[in-house]
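# need the 3D shape of this:
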Amino acid sequence: MSNIKVSVIIVTRGLGDYLTSCLDSMRQQRYRNFEIIVIDNSNSPVFSQKMASGYPEVKLYSQGENLFYCQALNKGIEEGSGEFILCLNDDVVLDEMFMEEALKAFDTDELIGIVSGKILRADARTIDSTGLYLSIWMSARERGYGRKDRGQFEQAGYIFGVNGAVAFYRKAMLDEVKIDAEYFDHDFRIFYEDLDLAWRAQRLGWKGYYIPRAIAYHVRGATVRAAQGINKGFARRYLSKDLQFDLVKNRYLTIIKNITLRELVLRLPFIMIYDIFVWLHILLSRPALIKTIFLKPIPVRSAFRKRKLLHNKCLTGRR
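Reported below is the predicted structural model:
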């Protein structure tokens, strides 16, 4: 795949030195046919100047407003010209062989549209993700999350989806699964966008694949959590009220958009059990969030409309 172009999309708020570490790892990649597109949500002219002088190879888009994660990713994908799209959080560092190894996975099967490598924490010993799965509770589950890497995930194979921090996509797949010209749903803003896209892709016949030789390192939550919550489990404890709202609403939007009636019947008891624990946690630890959830508009009608559009895509088939 040496002639295949990759567009690398990075969304940043310009916090700390995360982006420079990420970009430095891009410079070390053995695979060289790629472009880097950075969507700047920092709203800082100083940051823009620093990028222009230190990383002239980067295509920087400073919007003057916070596009939020999904909208910013979509902007980057639209600006890219690659046949494959690598979406990165700015708190990710790639092993020098990451891109070369990950691209090999797409050759395994022409229906592979999503690829995950082995994503470790910054300590290089703790697993962050070896693939994204849809849990029985209809929530996102990261395989291996928080476990020590003892070589237990060295087997390549099919997975449901990929963690959004290091997400490799086939552009042809993205073009097929997009709805309303949106690859990632703007209603989501942030959280669950990776599971939503993977679920759409699966329903349309695409596949996900895990390849352990493609290694990346992720500082979990570095740019969205309070400092004391970085790399910690149970993320919702360390999120702002607005981000907690997105986390709660987006699970429901993902279910509305993607679940079939048969799946709903089979999974409803598990969905309800999960909801009981979520709402108990909110009631006991973040009661102010309840008011926000009930007063802030939730785009339920939009989700049902997109569900219908996806259903129509599924009926027409992809082959």
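# for the helix or strand encompassing residue 49, packing partners?
Residue 49 is located in helix 45-54, with elements delineated by DSSP states H and E. Here helix 45-54 touches strand 34-40, strand 59-62, going by 3 or more C-beta pairs under 8 Å, 6 or more residues apart in numbering; DSSP states H and E. To be clear about C-beta, it is placed using only N, CA and C from the backbone, and glycine gets the same treatment.
# and that helix with strand 34-40, angle?
With axes from the mean of the first three to the mean of the last three C-alpha atoms, to 10 degrees as the basis, helix 45-54 and strand 34-40 are set at 160 degrees to each other.
# would you convert the helices and strands packed on helix 45-54 into JSON lines that also reports mean neighbour count?
Output for the helices and strands packed on helix 45-54, formatted as JSON lines (neighbours: other C-beta atoms under 10 Å):
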{"stretch": "strand 34-40", "mean neighbour count": "21"}
{"stretch": "strand 59-62", "mean neighbour count": "16"}
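# tell me which element residue 194 falls in.
Counting by DSSP H and E, residue 194 is found in helix 193-203.
# how about residues contacting that helix?
69-70, 73, 113-114, 132, 134, 140, 160-164, 167, 173, 177, 179, 183-185, 188, 208, 250, 253-254, 257-258, 310, 314 (C-beta atoms under 8 Å, 6 or more residues apart in numbering).
# same check, this time on stretch 95-103
Outside stretch 95-103, the residues touching it (C-beta under 8 Å, 6+ apart) are 1, 4, 6, 25, 28-31, 34, 84, 86, 115, 117, 168, 211, 213-217.
# mind doing that once more with 7 Å?
Outside stretch 95-103, the residues within contact range by C-beta atoms under 7 Å, 6 or more residues apart in numbering are 1, 4, 6, 28-31, 34, 84, 115, 117, 168, 211, 213-216.
# break this protein down into its structural domains.
6-218, 235-316 (automatic domain parsing).
# how about these in TSV, adding mean pLDDT?
Output for the domains of the chain, formatted as TSV (pLDDT from 0 to 100):
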stretch	mean pLDDT
domain 6-218	95
domain 235-316	92
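# which of those has the highest mean neighbour count?
domain 6-218 (a mean of 19; mean count of other C-beta atoms under 10 Å).
# coming back round to it: alpha carbons of the next helix or strand after the helix holding residue 194, in CSV - could you do that?
Next in sequence after helix 193-203, counting helices and strands by DSSP H and E, comes strand 207-218. The C-alpha coordinates for strand 207-218 follow below in CSV (Å, rounded to 0.1, in the frame of the first residue of the first chain):
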residue,chain,number,x,y,z
LYS,A,207,-16.2,-5.0,9.1
GLY,A,208,-13.8,-4.0,11.8
TYR,A,209,-10.4,-5.5,12.3
TYR,A,210,-7.8,-5.6,15.0
ILE,A,211,-4.0,-5.8,14.3
PRO,A,212,-1.8,-6.0,17.4
ARG,A,213,1.5,-5.0,15.6
ALA,A,214,0.1,-1.5,15.1
ILE,A,215,0.8,0.1,18.5
ALA,A,216,-0.2,3.5,19.8
TYR,A,217,0.0,5.2,23.2
HIS,A,218,-2.9,7.2,24.6
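# paired strands for strand 207-218, with orientation please.
strand 92-94 (antiparallel), strand 112-121 (parallel), strand 157-159 (antiparallel) (DSSP bridges).
# quick one: the second one to chain centroid distance?
Its chain's average C-alpha position is 11 Å from that of strand 112-121, according to C-alpha atoms, centre = their mean, to the nearest Å.
# repeat that for stretch 127-136.
That offset, for stretch 127-136, works out to 12 Å (C-alpha atoms, centre = their mean).
# hmm, back to that, the contacts of helix 193-203 in helices, which ones?
69-70, 73, 173, 177, 250, 253-254, 257-258, 310, 314 (DSSP state H).
# could you identify the most distant pair in the residues you listed?
69 and 314 (26.4 Å; C-beta to C-beta).
# I figured residue 47 hits residue 14, correct?
Yes - using C-beta atoms under 7 Å, residue 47 is in contact with residue 14, at 4.2 Å.
# overlap in contacts of those two?
Common neighbours of residue 47 and residue 14 (C-beta under 7 Å, 6+ apart) are residue 40.
# would you mind giving the strands paired with strand 207-218 as JSON lines with distance to residue 194 added?
Listed next are the strands paired with strand 207-218 as JSON lines, based on distance: least, C-beta to C-beta, whole Å:
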{"stretch": "strand 92-94", "distance to residue 194": "14"}
{"stretch": "strand 112-121", "distance to residue 194": "9"}
{"stretch": "strand 157-159", "distance to residue 194": "12"}
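# among these, which comes closest to residue 304?
Nearest of those (C-beta to C-beta): strand 112-121, 25.2 Å.
# show me the contact partners of the helix or strand just after the closest one.
Elements were assigned by DSSP H and E; along the chain past strand 112-121, the next helix or strand is strand 127-129. The contact list for strand 127-129, computed with C-beta under 7 Å, 6+ apart, reads 116, 119-121, 142-145, 147, 149, 163, 218, 220.
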